[in-house]
Structure formats: C-alpha cells, structure tokens
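Colleague: Using only what follows, build the 3D model:
(one chain, ligands or ions: 1)
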Amino acid sequence: METLLKENINWVGFIDWNIRDFHSYITPRGATYNSYLIQDEKTALIDAVKAPFADNLLRNIKGLTEFEKVDFVVCNHAEPDHSGGLPRVMETLPNAKLVCTEKCLKVLERQYDTSGWLTHIVKDGDSLSLGKHTLTFIETPLLHWPESMFTYVPEAKLLFSMDAFGQHYATSNRFDDEVDLSTVMEEAKIYYANILTPFGRRVAATLEKAKTLDIEMIAPSHGLIWRSHIGTILDAYHDWATCKPEPKVLVIYDTQWDSTGLMARAIIDGASQPGVEAILLHIRQSSLTRIATEVLDSAAVAIGSSNLNQGMMPMAGALLTYLKGLNPVGKAGFAFGSYGWGKGAPEAIDQWLRDMKWDVLRDPIKVKFRPNPEDLAMCREAGELLAKKAIEIHESSVSRID
Ligand code: FEO
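Modeller: The predicted structure follows:
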C-alpha cells in the first residue's frame, strides 16, 4: 500500500495498529513508521521502518519499482524504529547506497553489521541530485538523537522532518486534513511532551532554520503528513519549545489509604478559580505519558505522595525520574503528602522540585495520618496560591512575548 504525496513521491511505510507501549510511551492510537520513495532518474528511499516490518516496506517498494532501481536509502535517524529494517532493506536493494552523516553511520555500526553496505556520507548543507529532485541535508543534532537530520526537497517544497512534527497515530489516512485536526494536534503534543521536551532550545533553533525554507508539505517519520495545517504545527512547536505556560494548575498524587488523596482534592478545590484550568491526576490511575503531557503547558504543579518506608510511593519516584529527564522548565509548585510514624515523601519530592529548578512556592505540606478540617483548609489555601501563581506566570509570559 502506498500513498502519493507529490508527483513521483510516495509514502511506503507501515501502520502499526496494535502497538500500545513505545519504550514506555503509551500509544493508545498505535503508531506509523513513515518511509517515502522518490522516483526520478535516480530513486531514493527516505528512511526505513522497525525491523519486524521491513518486508512490508519492501513489498510497498516492489509495488512501485524494481529493487535494482533503488539508488539511495537515506537514513535521517538511527533509532531502531526507523533503522531496524535497514539490514533487510540493504541486503535486498542490491544497488542502493546508504546516505547518512558520519555520525549516523557510527551509530548504525554499533547496532548492525554494516560491513557490506555501500555508503554515501553527507554533512549539513550537502545536496544530492536525483534528476528533477534534489535532496538537501540539514543536520538537526539532538533533535532528538545526536545524528538526527532533515532531508529537504526544494523542487517539491517538501521537508522530511524525521521525528519532529510526528505523532503516534495509526490511521488509514495519511494527511492532516483527512482526520480531525484536534486529534492530530493532541497526538503531536503528546509526542512533543514525551520525546522532545528536553531539547527546547534545539527545537527553537531548528524552527528558525525551517523559516528559511519554502515548505508546502512536512512529512515526518510518524503519523500524519502536514499539508493543510503547517502553520498550526509550527506555531504549536514554537510554544512547546519554551513550555509556554497556560493558566493551568496540575495536581498529581499517589496515596495508600486516601489521606494524600483528600489533601490532593482539597488543593484542587482551592486551585479551581475563574480563568484557571485545574486538573487532578492520580499517578497510578493515569500514565506517565499523560502526566508529562499535562505538565508541558501547566504553569503550576503540586506533586504529592504518602510516605512509604521513609520515602515516596514507587510510582511517584518513577514520575519524578521521568520528569527530571524531560526537564520541563519554568514551573512553580510544591510538594505534599501524609505520613504515619516514618517521614520522607514530601521532603524528597520537594528536593526533586528544587533539583528541577522549579519555583518552590512553599514548604512541603505534611499531614500526620488523616487530614483534619484545619489541614484541609491549609491545602485549599495552598491550591489558591497555585492558581494565583499560574495566572501570574501565564500573564508574565504573555507580556514577554508581546
Ligand atoms: Fe521515531 Fe527517535 O525515533
């Protein structure tokens, strides 16, 4: 199955309908691994697919041309969801040269036996003519691996953007205007939050580079291809690159016997103020993927856990480990939780918030066993503080942009 993007340029990738866990990123809508075939005087394949689906990719190529006629296989990114199929692809396409950067080849060599592969090494700014089409290579280091690269085809005004602007979204449609835009944008935001948040500065720099290109279509390695809403996704990336804070409060917690749950509900009550979106998430009833997505544009975040064995609940620890790696910037917040005879959870969370360089608004709220009415009143008051701070952070970010 293939789909025409532009004259002589087809999608030949694989739709992974059933994947639900992409290295811990939860994917309820599945995923796609997008590969593209450009047929000209020379023929080039742009990116491969995950190893188990290499034969599906090859069948799609076979539907368009003979294997002997493929001259180049471009590898924009060496992560196995795109490079895993390369060994099978390279052994099947007898005349194809692998086109990649030196850095990319070194990563591929550490993952596969590349000894029999023909290669054509490129660097930032290099071009390769296929005839009527030119491939121009734009290195995008750490977006999101060191060897990451875009390939741009000026004659088609087409940018192959690899993971950037992608979404984990399996659908029989291929273009952004063939599905509900809010769903594509939701998946694009989840993708950004869980893959690209640590690289905001790199994303911003890449967006500046992209401004210099004449683009009619962006074809990422995952999900829908952008042809009707390019401005929408570029604007969204601009906001996400800075974790642009919305007037939004997030309260995240884990609890054993609901004492910390009572505190969390009192905090969210206090935070539910006019003009503020307030969201409450139980860590084990949600997913790290969803929580990271909500954190991305929240201005203020409270994180709570009851005490367990002198520390926090295990999934609270997992969440903080995950968030620290993603490094969402510019948040304010505080820690909270209940304890019995041991202590440590709110204090440990407080330290994580400080390590992430968040603006810690107050000392951790600690309650012995069950919160009483005074404790709950204190939690509501702390929720009001979160709401006030969320509005302040949002307004100051808007005035900075103005
Ligand atoms: Fe889709 Fe970073 O691989």
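
Colleague: going forward, measure contacts and count neighbours with C-alpha atoms only.
Modeller: Fine.

Colleague: Can you get me a residue count around residue 171?
Modeller: Residue neighbour count, defined by other C-alpha atoms under 10 Å, stands at 18 for residue 171.

Colleague: Which secondary structure state is assigned to it?
Modeller: Following DSSP: H, G, I helix; E, B strand; the rest coil, residue 171 is assigned to coil.

Colleague: what about the residue lying closest to it once chain neighbours are set aside, which helix or strand?
Modeller: Once flanking residues are discounted, residue 171 sits nearest to residue 15: 7.3 Å by C-alpha to C-alpha, 6 or more residues apart in numbering. If you go by DSSP states H and E, residue 15 is part of strand 14-16.

Colleague: if I read this right, the residue nearest to residue 171 contacts residue 168, doesn't it?
Modeller: No. With contact defined as C-alpha atoms under 8 Å, residue 15 does not reach residue 168; the gap is 10.1 Å.

Colleague: Quote the end-to-end distance of stretch 14-25.
Modeller: Start-to-end span of stretch 14-25 (C-alpha to C-alpha, to the nearest Å) is 19 Å.

Colleague: Please identify the buried residues of that stretch?
Modeller: Judged by neighbour count using 16 or more other C-alpha atoms under 10 Å, the buried positions of stretch 14-25 are 14-17, 19-20, 25.

Colleague: just to revisit the earlier point, what sits against the residue nearest to residue 171?
Modeller: 31-33, 170-172 (C-alpha atoms under 8 Å, 6 or more residues apart in numbering).

Colleague: now, among the residues you listed, which is nearest to the ligand?
Modeller: For these, the minimum distance to the ligand (C-alpha to the nearest ligand atom) is 7.4 Å, reached by residue 33.

Colleague: and the closest one, how many neighbours does it have?
Modeller: Using other C-alpha under 10 Å: residue 33 sits among 26 other residues.

Colleague: How about residue 125?
Modeller: The burial count for residue 125: 11, using other C-alpha under 10 Å.

Colleague: ok, it to the ligand distance?
Modeller: Distance of residue 125 to the ligand, given as C-alpha to the nearest ligand atom, to the nearest Å: 22 Å.

Colleague: Quick check: that residue touching residue 138?
Modeller: Yes. Contact criterion C-alpha under 8 Å: residue 125 and residue 138 qualify, at 5.8 Å.

Colleague: So in terms of bridging, what pairs with the residue nearest to residue 36 when sequence neighbours are not counted?
Modeller: Spatial nearest neighbour of residue 36, excluding adjacent residues (C-alpha to C-alpha, 6+ apart): residue 11 at 4.4 Å. Following DSSP bridges, residue 11 is listed with bridge partners residue 3, residue 36.
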